[in-house]
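> I'd like to go over a predicted model; first the sequence, then the structure.
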Amino acid sequence: MTQQFFLLAKQELTLTLIIFILLFLKVGAKEWTNAAVLRLMNILLLLNFIAGFIFTREGMLFNEMFFTGKLVITEKNILNLGTLIVSLQAYDWLRLHKHVIEFYILLLSTLLGMFFMISSGNILMFYLGLELASIPLAAMANFDLTRRQSSEGAMKFIISSAFSSGLLLFGISMLYGTTGTLLFSELPQHLDGSPLQLFALVLLVAGFAFKISVVPFHLWTADVYEGSPVTVSAYLSVISKGAAVFVFVSVLYTVFKSLAAVWYTILFVLSTITMFTGNLFALRQSNIKRLLAFSSIAQAGFILVGISGSSRAGMASVVYFILVYIFSNLGAFGVVSVVSALTGKENTEDYKGFYKTNPFLAWVMAISLFSLAGVPPAAGFFGKFFLLIAGAEKGNYVLITIAALNMIISLYYYLTLVKMMFIDRNEHEPIASLRVHIYPKIALLACMAGIILFGLISNVYEYIYSVSFW
């Protein structure tokens with residue numbers, strides 16, 4: 001039994017061990033420099049990522065409160081990879097920060113909460129994981145301690161998070177009151193489509209919509225992304241959102257499978273207004289973090305299109321898209337992180353003539369933007385293609401047409417930024433040639449490799465499809 005516990009909860013126990021190592025470092029080893037801590041953490045996160053592929057086993061613990069399987073392990077490995085890339089990109093910012101160890105404790109605590117969410121077989125276990133993943137994120141958003149915007153962003157995040165948690169708890173209470181169980185495996189047997197259960201479904205969808213930044217529950221996103229350190233914005237946009245999407249699609253496809261006709265209508269409306277709102281507001285942004293924030297909102301709309309397919313292909317397309325999205329978005333945020341840490345510049349106008357002084361960073365940004373826009377042969381094209389194919393299984397070609405139209409709209413602001421970097425001249429204060437440290441450079445190269453290779457290697461999607469369910 002003990003051996004089974006260690007094998008099934010291996011990834012959670014590994015993160016807990018790393019957190020304890022950080023606590024010991026904080027208490028008993030003050031002579032460690034920031035550079036040494038960062039080097040140690042990147043090594044530990046790399047080992048944590050590698051460990052996710054060995055000694056894997058499927059099963060359940062604690063009376064079905066915790067479960068793991070091939071798909072769950074794959075989702076956690078994707079989040080581990082994204083966290084490692086975020087850590088590597090954060091070097092230039094964290095090497096001068098006073099609270100490096102505290103940052104990593106918060107970061108890994110949120111990741112641990114996300115793992116509990118993904119492995120939860122009980123709705124209260126899911127909620128505990130959600131709170132563990134959300135509360136430290138507010139502290140991370142406020143980690144630029146000298147900036148007022150950072151405190152404002154953290155305040156907006158914690159208020160929005162509390163409101164969404166309240167909606168989730170209200171929905172959970174109604175679900176329990178009408179079914180008499182909290183186990184995901186037993187809930188479908190007791191769903192009969194009563195008004196209270198439908199209201200509970202609406203509340204749960206609203207709670208998840210806050211976490212994924214779906215319109216009209218998105219109002220916190222741009223302000224929090226702008227106020228937070230770039231590293232935290234990147235983490236919010238891919239890791240936090242990815243974990244919420246994994247759980248959301250799992251809950252819809254298992255617990256609420258019998259009510260698919262109801263939540264399909266909800267997703268149709270939400271995806272339409274989310275894509276249009278995200279893309280149209282992105283057109284107006286002059287701050288690059290806000291532009292990427294509204295881009296992230298638009299991408300959430302595309303994810304909902306794939307989920308609406310309510311099929312095995314829908315599940316596979318969403319997981320594959322999150323994998324591709326991690327490389328694409330972290331590639332863009334990685335460049336912004338380096339530029340912000342070394343120059344403090346975060347406006348789109350600052351990137352005029354960027355290619356002349358920083359050709360490597362300009363190419364990384366351009367390829368990442370092409371992938372986010374869905375331009376072939378970048379992996380982002382295949383990610384959106386699979387989402388649209390999954391959505392088309394319902395035969396609602398109106399939704400697919402709307403999604404295609406939004407891909408065209410998004411091309412405008414992505415290509416405008418590319419034009420600024422490669423064609424426009426900066427007559428005022430162009431960004432000087434930057435010396436990129438080896439850690440961020442490795443992260444950016446990994447993102448480029450992921451964008452190029454994962455669009456060409458079909459085995460990745462085929463494996464995800466083979467372990468998906470409906």
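That came in fine, so what should we check first?

> which ones are touching the residue nearest to residue 378 when sequence neighbours are not counted?
Excluding the flanking residues, the one nearest residue 378 by C-beta to C-beta, 6 or more residues apart in numbering is residue 371, at 3.8 Å. All C-beta atoms are positioned from the backbone trio N, CA, C, and that covers glycine. Counting by C-beta atoms under 8 Å, 6 or more residues apart in numbering, residue 371 touches 324, 327-328, 331, 378-381, 451.

> go on, residue 292?
Residue 292 is in contact with 225, 233, 237, 329, 332-333, 336, counting by C-beta under 8 Å, 6+ apart.

> circling back: the residue nearest to residue 378 is in what secondary structure piece?
Element membership for residue 371 (DSSP states H and E) is helix 359-373.

> mind listing what's buried in that helix?
Within helix 359-373, the residues scored as buried using 16 or more other C-beta atoms under 10 Å are 361-373.

> so how far is it from its chain's centroid?
Its chain's C-alpha centre and that of helix 359-373 lie 19 Å apart, by C-alpha atoms, centre = their mean, to the nearest Å.

> again, but for stretch 112-131
The chain centre lies 16 Å from the centre of stretch 112-131; the measure is C-alpha atoms, centre = their mean.

> now do stretch 148-159
Computed by C-alpha atoms, centre = their mean, the chain-centroid distance of stretch 148-159 equals 19 Å.

> what does that stretch contact?
Applying C-beta under 8 Å, 6+ apart, the external contacts of stretch 148-159 come out as 135, 137-139, 141-144, 220, 223-229.

> Going along the chain, name the strands of this structure.
For the chain, strands defined by DSSP state E occupy the ranges 59-61, 66-68.

> Lowest average pLDDT across these?
Among the strands of the chain, strand 59-61 carries the lowest mean pLDDT, at a mean of 83.

> For the nearest residue to residue 69 once chain neighbours are set aside, grab phi and psi.
Leaving out its chain neighbours, the residue that sits closest to residue 69 by C-beta to C-beta, 6+ apart is residue 58, at 4.5 Å. Residue 58 has phi and psi values of phi -100, psi 150 when expressed as degrees, to the nearest 10.

> quick one on the thing from earlier: got the buried residues of helix 359-373 as a markdown table, with distance to residue 169 columns?
What follows is the buried residues of helix 359-373, written out as a markdown table (distance: C-beta to C-beta, whole Å):
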| residue | distance to residue 169 |
| --- | --- |
| 361 | 44 |
| 362 | 47 |
| 363 | 47 |
| 364 | 42 |
| 365 | 41 |
| 366 | 44 |
| 367 | 42 |
| 368 | 37 |
| 369 | 39 |
| 370 | 42 |
| 371 | 37 |
| 372 | 34 |
| 373 | 38 |
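
> Run through the residues that contact the residue nearest to residue 69.
For residue 58, the contacting residues are 68-70, by C-beta under 8 Å, 6+ apart.

> quick one: which of these is nearest residue 93?
Nearest to residue 93 among the contacts of residue 58, counting by C-beta to C-beta, is residue 68 at 33.8 Å.

> spatially speaking, which residue is in the middle of this structure?
residue 238 (2.3 Å; C-alpha atoms, centre = their mean).

> That one and residue 362: what is the separation?
Distance, residue 238 to residue 362, by C-beta to C-beta, to the nearest Å: 22 Å.

> Next: residue 292.
Distance, residue 292 to residue 362, by C-beta to C-beta: 16 Å.

> that older thread, nearest to residue 347 among the contacts of stretch 148-159?
residue 226 (11.1 Å).

> Next, count neighbours for that closest one.
Around residue 226 there are 21 other residues, counting by other C-beta atoms under 10 Å.

> Could you do residue 262 as well?
Neighbours around residue 262, by other C-beta under 10 Å: 16.
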